[in-house]
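Novice: Below: sequence and its predicted model.
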Amino acid sequence: MTEHVPFITAETGDDLIVSFGLGPHAATSLTLLRTPKFEHLLPPTERGVSVNDKSSSADTPCFLVAVRWQGNSVHIQSTAKTYALDVSSVAPDEINEALAVLKQMNFDNRFKIDV
């Protein structure tokens with residue numbers, strides 16, 4: 001099932017964040033997070049972009065495997081599940097900013113990105 005995304009927020013700084021508001025009123029979100037500044041302190045198996053949709057178990061870390069962005073359709077594959085997103089309502093500047101941050105997140109080619 002495809003989730004409607006009314007907006008995307010992207011942040012840079014110590015944390016790199018791309019967050020997709022989900023549903024018509026964005027009651028929940030799908031958040032991609034990476035903290036390159038401190039990542040070297042983690043074991044290699046815990047490095048990368050974490051994926052959180054608020055329904056994931058806190059006990060099991062979930063990491064980004066691939067992003068496929070084709071027009072208004074975005075498919076995000078994590079180690080736990082795959083998300084299908086409709087970003088047709090999102091402003092072009094929000095999309096461009098999100099893509100730029102995703103590319104920053106992938107500085108070590110840890111996940112596949114197709115845009």
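Specialist: Now that the structure is in, tell me what you want to look at. For clarity, every value in this text was computed on a predicted model and none was experimentally measured.

Novice: low-confidence ranges in this protein?
Specialist: Of all residues in the chain, those with pLDDT under 70 make up the ranges 55-59.

Novice: Let's verify the residue positioned nearest the centre of it: helix, strand, or coil?
Specialist: For the chain, the residue whose C-alpha lies nearest the mean C-alpha position (C-alpha atoms, centre = their mean) is L32; its distance is 3.3 Å. Put simply, L32 is strand when judged by DSSP: H, G, I helix; E, B strand; the rest coil.

Novice: pretty sure it contacts V18?
Specialist: Yes. L32 lies in contact with V18 (C-beta atoms under 8 Å); the separation is 4.6 Å. For every residue, glycine as well, the C-beta is placed using N, CA and C.

Novice: any shared contact partners between these two?
Specialist: With C-beta atoms under 8 Å, 6 or more residues apart in numbering applied, the overlap between the contact sets of L32 and V18 consists of 102, 105.

Novice: Report the contact partners of Q77.
Specialist: For Q77, the residues meeting the contact criterion (C-beta under 8 Å, 6+ apart) are 64-68, 83.

Novice: can you tell me which of the residues you listed are in strands?
Specialist: Using DSSP state E, the members of these that fall within strands are 64-68, 83.

Novice: Could I get the full set of helices for the chain?
Specialist: Counting by DSSP state H, the segments of the chain that form helices are 36-39, 92-105.

Novice: Now render the ones you listed as CSV, adding distance to T9 and mean neighbour count.
Specialist: Supplementary listing: the helices of the chain in CSV, determined by distance: least, C-beta to C-beta, whole Å; neighbours: other C-beta atoms under 10 Å:
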stretch, distance to T9, mean neighbour count
helix 36-39, 19, 12
helix 92-105, 8, 16
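
Novice: and the ones you listed as TSV, adding distance to T12?
Specialist: Supplementary listing: the helices of the chain in TSV, determined by distance: least, C-beta to C-beta, whole Å:
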stretch	distance to T12
helix 36-39	10
helix 92-105	6
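
Novice: Look through this protein and report the residue furthest from the middle.
Specialist: Going by C-alpha atoms, centre = their mean, the residue of the chain most distant from its centre is L41, 21.9 Å out.
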